[in-house]
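J.: Here you go, sequence then predicted model.
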Amino acid sequence: MKNGSGRAGNHGREPVAKFPIVSGPIPPLVSVIIPCYNAGPWIGEAIRSALDQTYSPIEVIVIDDGSVDRSLEVIKSFGGRIRWETGPNQGGSRARNRGFALSAGEYIQFLDADDYLLPGKIERQMRVVTGSRADVVYEDYQNLLESADGTRTWGPLDISGSQADMLEMMLGGWAPPPCALLVSRSAVERAGGWNENLTSAQDNDFYLRLALAGSTFRYAPGCKSVYRRPAVPTVSTRDARATDENVIRILDEARTNLLEAGRLTEEYKRAIARSYFRIARKYFDTDVAWFHRLLREAERLTPSVADGQSRKYRLVARALGIPEAESIRSLKRAAARQVSGAGEALKDNAHRVWPRQLPILLYHNVGPLPAEDSFNLTIAPEQFERQMRWLVARGYQTILPSEWVAARRESRALPGKAVLLTFDDGYADIVEYAFPVLRRLGLKAAAYVVTGRLGRTNTWDEAEGYPTMRLMTAEQVRGWAGQGIEFGSHTRTHRDLTTLDAAALEDEIAGSADDLRRIAGAPAVSFAYPYGRFSDAAREIVAQAYGAAVSCEEGTNNHATDPFLLRRTIVNRDDSRTEYFARLRLGRNPLRAAFKPYRIWKRLTGSIDKRPPVQRAGGFDREISKG
Ligand SMILES: [Zn+2]
């Protein structure tokens with residue numbers, strides 16, 4: 001034992017002596033616990049760094065987690081100077097917990113097998129921990145970048161800094177490597193050890209539980225911890241995704257705990273939202289659906305998600321929404337990547353990351369106009385054909401939901417003037433009056449059918465006093481599938497999804513996908529929400545069962561749009577050519593709202609419009625929400 005460590009380690013319980021102590025209380029034991037899995041090139045350095053500590057007494061415990069490389073050989077070479085165990089591979093958390101169970105130290109140094117400590121690390125932290133009676137001491141850490149050929153360069157020094165509220169920091173995503181910490185045995189016990197159910201992000205989980213259990217943290221400025229990381233990140237995208245999913249799970253759990261304890265303050269909410277948002281934006285280019293889900297979670301916690309961003313970003317986010325701000329950022333990223341490439345490549349890439357806007361038109365029925373059409377659902381066949389010919393003449397190209405999904409997935413640009421035509425409810429008349437027109441003109445469309453009502457009638461509308469209309473049959477669906485018509489699901493019975501429990505949602509959403517696969521002989525690619533009404537729970541199930549879904553929110557779509565809430569605009573049977581054009585360009589019809597009184601007057605006087613007046617039960621809101 002060194003004299004110096006005797007002075008350092010008097011438990012903090014005795015009064016600090018003003019003169020050097022030659023003999024005194026035995027300083028507390030520190031256990032260094034090193035889990036090792038295939039760390040052959042580094043484990044020796046880690047163990048040596050533990051044995052070379054100036055502090056004493058120290059015990060070094062190495063748990064080999066089923067390594068298949070030369071790790072065990074290296075471990076054994078230390079002979080009686082360390083304790084070690086080996087067994088089948090069961091994960092890092094299990095190995096750390098096993099090491100903890102074997103240990104006797106009053107303080108614990110967890111050390112990953114590829115990191116190492118500088119000699120005075122534990123001595124210095126023991127001085128702080130015993131002086132302050134903190135449960136956890138942490139310091140700065142030095143990044144060491146190592147390439148595949150073993151070349152090493154020093155990376156940045158991460159300054160941990162004194163944090164006012166550790167829990168807030170950890171909810172916000174702060175997670176130093178274990179080597180930078182020294183933890184008291186009782187704090188590890190209170191936190192319940194390491195979570196063996198996690199395959200990654202165990203550190204985040206462990207620290208968060210330390211903080212939740214009320215442990216006190218103390219910052220010891222300075223750096224004697226070396227954190228090794230590959231010079232070029234080698235973690236596969238799949239692993240990175242799994243880690244992020246784990247982090248989200250950990251945060252959700254912490255949030256629930258805090259909420260139940262009545263401790264979920266605004267600060268904690270903001271910190272959690274920051275973490276959600278940070279992870280969300282990593283997936284903007286690769287999994288926009290997840291991006292949107294996390295963004296929604298973040299925005300639910302705090303309205304100021306974008307606060308930490310640049311002024312420009314915040315301006316765009318405020319005016320157009322965060323997805324648009326992300327879109328611009330993504331475009332810039334792509335441009336930066338392409339900066340040395342040809343101009344053409346840049347242009348091409350810009351298209352890929354920000355394809356042109358896709359309008360989606362929503363039709364219901366096409367056929368002879370019923371005597372009374374309070375929902376304005378039916379468009380006359382001549383009118384429909386005029387609109388289709390107009391699209392062709394203007395150079396519009398129809399695409400299918402499956403083509404949109406593929407273009408998104410492969411980051412491909414859409415054709416210049418793309419439009420997606422959709423028909424909701426699957427009326428029998430469209431088979432007679434709309435599909436043949438589409439076929440003749442070489443156009444494609446999506447039809448959303450109610451799989452439990454095929455060959456029957458629109459019972460859901462009849463209940464509201466709407467006239468009975470026939471729905472297409474299963475044979476008709478089978479016959480037209482692949483003939484330019486892509487069938488999607490509009491649930492089994494056209495119920496309002498916001499009123500259903502989980503089991504009913506599963507049945508309506510996933511069940512109708514099964515139906516459609518059976519009937520049309522092809523997987524259902526997309527889904528339309530009945531009445532345009534959706535909830536988070538509904539959207540979740542839709543995202544599991546389909547590649548895309550259409551709502552009745554107005555607007556056009558680009559790759560920043562939530563693919564499970566694509567926007568559509570409802571074509572009215574009395575849309576003028578200008579109004580129709582507005583729907584294509586803007587995804588909405590601003591004239592309709594602005595000139596409504598004028599239009600009503602026009603219709604009442606019959607001065608311009610010769611068509612029979614349309615009775616509008618419920619007015620425009622009714623129309624908009626109709627799906
Ligand atoms: Zn519908």
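T.: Received the coordinates, thanks. Just so it is clear, the model here is predicted, and its values are computed rather than measured.
J.: helices or strands next to the host helix or strand of residue 440 in the packing?
T.: Here residue 440 sits within helix 435-441, counting by DSSP states H and E. Secondary-structure packing of helix 435-441 (3 or more Cβ pairs under 8 Å, 6 or more residues apart in numbering; DSSP states H and E): helix 381-393. The C-beta positions use only the backbone N, C-alpha and C, and glycine is treated the same way.
J.: give the contact list for the spatially most central residue of the chain.
T.: Nearest to the geometric centre of the chain sits residue 290, at 3.1 Å (Cα atoms, centre = their mean). Applying Cβ atoms under 8 Å, 6 or more residues apart in numbering to residue 290 gives the contacts 280, 283.
J.: For residue 406, see how far away it is.
T.: 19 Å (Cβ to Cβ, to the nearest Å).
J.: Same check on residue 585?
T.: If you go by Cβ to Cβ, the gap between residue 585 and residue 406 works out to 25 Å.
J.: More neighbours: which of these two?
T.: Set residue 585 next to residue 406 and count neighbours by other Cβ atoms under 10 Å: residue 406 wins out with 14 against 11.
J.: Give me the nearest residue to the more buried one, chain neighbours excluded.
T.: residue 412 (7.4 Å; Cβ to Cβ, 6 or more residues apart in numbering).
J.: Which helix or strand contains the residue nearest to residue 502 when sequence neighbours are not counted?
T.: Among residues not flanking residue 502 along the chain, residue 537 sits closest, at 6.6 Å (Cβ to Cβ, 6+ apart). Using DSSP H and E, residue 537 maps to helix 536-545.
J.: Now tell me what touches that helix from outside.
T.: Residues outside helix 536-545 that contact it (Cβ under 8 Å, 6+ apart) are 289, 293, 296, 497-498, 500, 502, 505-506, 509-510, 513, 524, 527, 529, 534, 549, 564-565.
J.: now stretch 25-45, how far from the chain's geometric center?
T.: When distances are taken as Cα atoms, centre = their mean, to the nearest Å, stretch 25-45 is centred 36 Å away from the chain's centroid.
J.: average pLDDT across that stretch?
T.: On average, the pLDDT along stretch 25-45 is 95.
J.: likewise stretch 433-449?
T.: In the prediction, stretch 433-449 has an average pLDDT of 95.
J.: so how far is it off the chain centroid?
T.: The chain centre lies 36 Å from the centre of stretch 433-449; the measure is Cα atoms, centre = their mean.
J.: cool, and stretch 485-498?
T.: Centroid displacement of stretch 485-498 relative to its chain, using Cα atoms, centre = their mean, is 25 Å.
J.: hmm, back to that, next, the buried residues of the helix or strand hosting the residue nearest to the centre of the chain.
T.: Using DSSP H and E, the element containing residue 290 is helix 288-301. For helix 288-301, a neighbour-count test (16 or more other Cβ atoms under 10 Å) marks 288, 289, 290, 291, 292, 293, 294, 295, 297, 298, 299, 301 as buried.
J.: What does the pLDDT read for the third one?
T.: Reading off the confidence values, residue 290 has pLDDT 88.
J.: Can you tell me how far it is from residue 583?
T.: 30 Å.
J.: try the first one
T.: To residue 583, residue 288 is 24 Å away according to Cβ to Cβ.
J.: for the stretch 101-250 of the chain, what spans make up the strands?
T.: For the stretch 101-250 of the chain, the strands defined by DSSP state E, counting those that start in this stretch occupy 107-110, 116-117, 136-138, 141-146, 152-158, 181-184, 217-219, 225-230.
J.: Also the stretch 301-450 of the chain?
T.: Assigned by DSSP E, counting those that start in this stretch, the strands in the stretch 301-450 of the chain fall at 360-363, 365-366, 378-379, 397-398, 418-425, 445-449.
J.: of all these, which lies closest to the ion?
T.: strand 418-425 (4.3 Å; Cβ to the ion).
J.: in the closest one, what's buried?
T.: Neighbour-count burial for strand 418-425 [16+ other Cβ under 10 Å]: 418, 419, 420, 421, 422, 423, 424, 425.
J.: Tell me the helix or strand right after the helix holding residue 537.
T.: strand 548-550.
J.: and that next one with the ion, contact?
T.: No: figure legend: strand 548-550 not in contact with the ion (Cβ under 5 Å from the ion); closest approach 10.9 Å.
J.: what residues does that strand touch?
T.: 360, 362, 401, 404-405, 422, 448, 525-529, 539, 542-543, 563-568.
J.: swap in stretch 409-420?
T.: Contacts of stretch 409-420 (Cβ under 8 Å, 6+ apart): 285, 348, 351-353, 355-356, 358-361, 391, 394-401, 404, 406-407, 445-446, 559, 584.
J.: Span of that stretch from start to end?
T.: 17 Å (Cα to Cα, to the nearest Å).
J.: related to what we said a few turns ago, can you tell me which of the contacts of strand 548-550 are classed as buried?
T.: 360, 362, 401, 404-405, 422, 448, 525-529, 539, 542-543, 563-568.
J.: can you narrow those to ones near the ion?
T.: Of the buried ones among the contacts of strand 548-550, not one also sits near the ion (Cβ under 5 Å from the ion).
J.: coming back round to it: kindly reformat the buried residues of helix 288-301 as a markdown table containing distance to residue 89.
T.: Formatted as a markdown table, those follow (distance: Cβ to Cβ, whole Å):
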| residue | distance to residue 89 |
| --- | --- |
| 288 | 36 |
| 289 | 34 |
| 290 | 30 |
| 291 | 34 |
| 292 | 37 |
| 293 | 33 |
| 294 | 32 |
| 295 | 37 |
| 297 | 34 |
| 298 | 36 |
| 299 | 41 |
| 301 | 38 |
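J.: Now for residue 192: which residues touch it?
T.: Counted by Cβ under 8 Å, 6+ apart, residue 192 has contacts 209, 213.
J.: And for residue 292?
T.: Neighbours of residue 292 in contact, by Cβ under 8 Å, 6+ apart: 280, 323, 562, 564, 565.
J.: same question, residue 191
T.: By Cβ under 8 Å, 6+ apart, residue 191 lies in contact with 206, 209, 210, 212, 213, 215.
J.: one more time with 10 Å, if that's ok
T.: Going by Cβ atoms under 10 Å, 6 or more residues apart in numbering, residue 191 touches 135-136, 183, 205-215.
J.: For the ion, see how far away it is.
T.: When distance is defined by Cβ to the ion, to the nearest Å, residue 191 is 52 Å away from the ion.
J.: Ignoring the adjacent residues along the chain, who's closest to that residue?
T.: Of all residues not flanking residue 191 in the chain, residue 209 sits nearest, at 4.2 Å (Cβ to Cβ, 6+ apart).
J.: and that neighbour, what pLDDT?
T.: With respect to pLDDT, residue 209 has a value of 94.
J.: wait, isn't it in contact with residue 215?
T.: Yes: assessed by Cβ atoms under 10 Å, residue 209 is found in contact with residue 215 at 9.0 Å.
J.: what do those two both touch?
T.: Common contacts of residue 209 and residue 215 (Cβ under 10 Å, 6+ apart): 187, 188, 190, 191.
J.: I figured the third one was touching residue 215, is that so?
T.: Yes: proximity of residue 190 to residue 215 meets the contact threshold set by Cβ under 10 Å, at 6.8 Å.
J.: residues bridging contact with those two, i.e. touching both?
T.: In contact with both residue 190 and residue 215: 135, 184, 209, using Cβ under 10 Å, 6+ apart.
J.: Endpoints of stretch 67-75, how far apart?
T.: Termini of stretch 67-75 sit 11 Å apart (Cα to Cα).
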